[in-house]
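Novice: based on what follows, work out the 3D shape:
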Amino acid sequence: MFVRAYLRASTSEQDADRARRDLEEFAASHKLKIAAFYKENESGASLKRPELFRLLADAHEGDILLIEQVDRLSRLNADDWDKLKREIETRRVRVVALDLPTSFMMIRDADEMTARMMSALNSMMLDMLAAIARKDYTDRRRRQQQGIEKLKVAGGYKGRKEDAPRNEQIVLMLKEGKSWNQIIAATGCSRSTLSRLRQRV
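Specialist: Numbers count the residues shown, from 1 in each chain. The predicted structure follows:
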């Protein structure tokens, strides 16, 4: 069994590494060692998360996918959450989240009956928290859009300011043929930003 920790932030301006110490402390308190960290800056509302799927591809049956909160794993709509959950279940990976105490039971091996009951309980709780995370995401987007519309009416909406020096460097790296992974590692930008800036090359 390996513990694989997943760290995610929504944008390049946020620190995906923020929860690393909490995950390390949790693992140590349960006499576990984290074998690998998988970190990315991508929206939890999207399935386009290469590091998460690299983690799942690396995982073996019985491995633990350790996260700070369920919303780090999913802010997905119901259909996409079902797809991700099926992928996790097919690989027989156990999800443990610091904000979901019932998932702590998944750390230790148990007899077949107990393991099945724990898995069913954890699955139900994951579904509930994933649904709450999605609602929080859609509510925030709706409030944000309402705020933007209000500012537009008042003539005060300027939009997000572009990080021109960073974007110039990204365009240069794209022209030099650097890979997306190299650019992300060097600049901390998101794949959506890279996709947009690629049009300037």
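
Novice: just checking, what packs against the longest helix seen in the chain?
Specialist: Taking DSSP state H as the criterion, the chain has its longest helix at helix 112-154. Judged by 3 or more Cβ pairs under 8 Å, 6 or more residues apart in numbering; DSSP states H and E, helix 112-154 is in contact with helix 70-73, helix 78-90, strand 94-97. For glycine as for every other residue, the C-beta is placed from the backbone atoms N, C-alpha and C.

Novice: tabulate those (a markdown table), appending mean neighbour count and mean pLDDT.
Specialist: What follows is the helices and strands packed on helix 112-154, written out as a markdown table (neighbours: other Cβ atoms under 10 Å; pLDDT from 0 to 100):
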| stretch | mean neighbour count | mean pLDDT |
| --- | --- | --- |
| helix 70-73 | 23 | 96 |
| helix 78-90 | 14 | 96 |
| strand 94-97 | 23 | 96 |
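
Novice: indicate which one of the ones you listed is closest to K161.
Specialist: Within those, the stretch nearest K161 is helix 70-73; the backing value is 26.9 Å (Cβ to Cβ).

Novice: now for that closest one, which elements pack on it?
Specialist: Helix 70-73 packs on strand 3-9, strand 94-97, helix 112-154, going by 3+ Cβ pairs under 8 Å, 6+ apart.

Novice: weakest of the ones you listed in terms of mean pLDDT?
Specialist: When mean pLDDT is averaged over each of those, helix 112-154 scores lowest at a mean of 88.

Novice: and I34, bridged to which residues?
Specialist: Beta-bridge pairing of I34 under DSSP bridges involves V3.

Novice: what count of nearby residues applies to it?
Specialist: 17 (other Cβ atoms under 10 Å).
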